[in-house]
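>>> Generate coordinates for the sequence data below:
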Amino acid sequence: MSKLNRQLGISLVEVLVALVISLFLLAGIVQVYTGNKQTFAFTNALAEIQENARFAMEIMSQDLRLAGEWGCIAFNSADTTNINDTLNAGNVAGYNTDYHDFVGEESIEGENGTGLNGSDTLTIRGGKPSQTNVEGPFTTSTTQNIFTDTTNTITAGDIILVARCGANDLLIAAEADILPVTSVVVGTTSDQRRINLGANKSQQFENDAMVIELQTVDYDIQNGAGGGPALFRSEFGVAQELVEGVQDMQVLYGIDNDSDQFPNQYVTADLVTDWEEVVAVRISLLMQSIEDFVTEDPQTITFNGVTSTPGDRRIRQVFTTTVALRNRIGSM
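Residues are numbered from 1 along each chain as shown. Model prediction:
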């Protein structure tokens, strides 16, 4: 008991030694935490821009593959007598030739250096992924409706191409009609839809005819909702932010000037002399992380032949894809 009574506490030196040891341990823990946090931020930012780039490329590639989609009929820009185009300012709200003239305007075109950060813009005219067939009851040429099944996504305000895919009747000049949709209602049976049209058809389309939704889409770089650059997709002039973190987009067009269905060279939009010769499109995107301060130092990046070092500490990466225009190659 006498020995326990003599334990009066610990000395100041022992306290200081314990504090120093604790500070070293705490510093190590903080360093490990900071390093792990920085690694997580970098890895997360890298995964984010890769996923955003993959999504952007997939959507753009899908639209490009459907550029100039005319279904089962042949389209010749020099002779369009087989197309009955009914679209005009009287039956299409906000009619604009850039958006609604699928016969006279090119199915693929673009401009270089006109977007945000000197980026390119791209315009695509053609079909949408889904299509359906005309079903009975078959209506006369003066009746402004057709019947289809319920698998399509056609709604009021859409533009459709109705193409006859059977044997060509020489008494009927037009093989396809381009028509505006005024409304879509359930037909005579629950598995049908009646598509009401804003113009007369040129003929009675039967079950050998297909229906394709048409679209005109523009891709460009604008300031997004978050304040940073983003890739926008506009359908018939209505812009929608598609992917954030797209700093720049550069587009090259593969020109086939010897009709062998392969591009002889890739050029910028201002060097394309005939858009009908474009058989492929090469898209390069410069992606940047949404968050800043994910790298220790500003990153040097080379894009479109120019090497630069931005002032921020975002991570950047370049993605490139080449898409063949299936309807150009298959029709040559």
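>>> how far away is residue 117 from residue 304?
11 Å (C-beta to C-beta, to the nearest Å). Placement of C-beta: from N, CA and C, glycine included.
>>> overlap in contacts of these two?
Shared contacts of residue 117 and residue 304 (C-beta atoms under 8 Å, 6 or more residues apart in numbering): residue 248.
>>> neighbour count winner among those two?
The residue with more neighbours, out of residue 117 and residue 304, is residue 304; 15 against 12, by other C-beta atoms under 10 Å.
>>> how about the more buried one, what does it touch?
248, 250, 284.
>>> any low-confidence regions in the stretch 51-200 of the chain?
167-173, 187-190 (pLDDT under 70).
>>> which among the contacts of residue 304 gets closest to residue 277?
Nearest to residue 277 among those is residue 250, at 19.9 Å by C-beta to C-beta.
>>> dump the residue contacts of the closest one.
112, 119-120, 283-284, 303-304.
>>> and it, helix, strand or coil?
strand (DSSP: H, G, I helix; E, B strand; the rest coil).
>>> and the longest helix anywhere in the chain, what other elements does it pack with?
In the chain, with assignment by DSSP state H, the single longest helix is helix 12-65. Helix 12-65 sits against strand 121-135, strand 209-223, strand 238-244, strand 278-288, strand 316-324, with contacts defined as 3 or more C-beta pairs under 8 Å, 6 or more residues apart in numbering; DSSP states H and E.
>>> need the strands for the stretch 51-200 of the chain, in chain order.
83-85, 108-111, 121-135, 145-149, 159-164, 176-186, 192-197 (DSSP state E, counting those that start in this stretch).
>>> angle of the fifth one against strand 176-186?
Put plainly, it is strand 159-164. Inter-element angle recorded for strand 159-164 and strand 176-186: 110 degrees (by axes from the mean of the first three to the mean of the last three C-alpha atoms, to 10 degrees).
>>> Output the contacting helices and strands for strand 159-164.
Using 3+ C-beta pairs under 8 Å, 6+ apart: strand 159-164 touches strand 176-186, strand 209-223.
>>> Over to the shortest one?
With contacts taken as 3+ C-beta pairs under 8 Å, 6+ apart, strand 83-85 sits against strand 176-186.
>>> Buried residues, the strand it packs on. List them.
Within strand 176-186, the residues scored as buried using 16 or more other C-beta atoms under 10 Å are 176-182, 184.
>>> Tell me the strands beside that strand, with direction?
strand 83-85 (parallel), strand 159-164 (antiparallel), strand 192-197 (antiparallel) (DSSP bridges).
>>> Mind checking the ones you listed for the one nearest to residue 104?
Using C-beta to C-beta, the nearest of the strands paired with strand 176-186 to residue 104 is strand 83-85, at 8.5 Å.
>>> returning to that earlier point: now tabulate the strands paired with strand 176-186 in a markdown table and tack on distance to residue 322.
Shown next, in a markdown table, are the strands paired with strand 176-186 (distance: least, C-beta to C-beta, whole Å):
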| stretch | distance to residue 322 |
| --- | --- |
| strand 83-85 | 30 |
| strand 159-164 | 27 |
| strand 192-197 | 37 |
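>>> Among those, which comes closest to residue 19?
If we rank the strands paired with strand 176-186 by C-beta to C-beta, the stretch that ends up nearest is strand 159-164, at 76.6 Å.
>>> That closest one versus strand 145-149: what angle between them?
Using the same axes, to 10 degrees: strand 159-164 against strand 145-149 is 80 degrees.
>>> Going forward, count from 48.
OK, 48 is where the count begins now, so the last one is strand 206-211.
>>> Now strand 206-211: buried residues?
Residues of strand 206-211 classed as buried by neighbour count (16+ other C-beta under 10 Å): 206-211.
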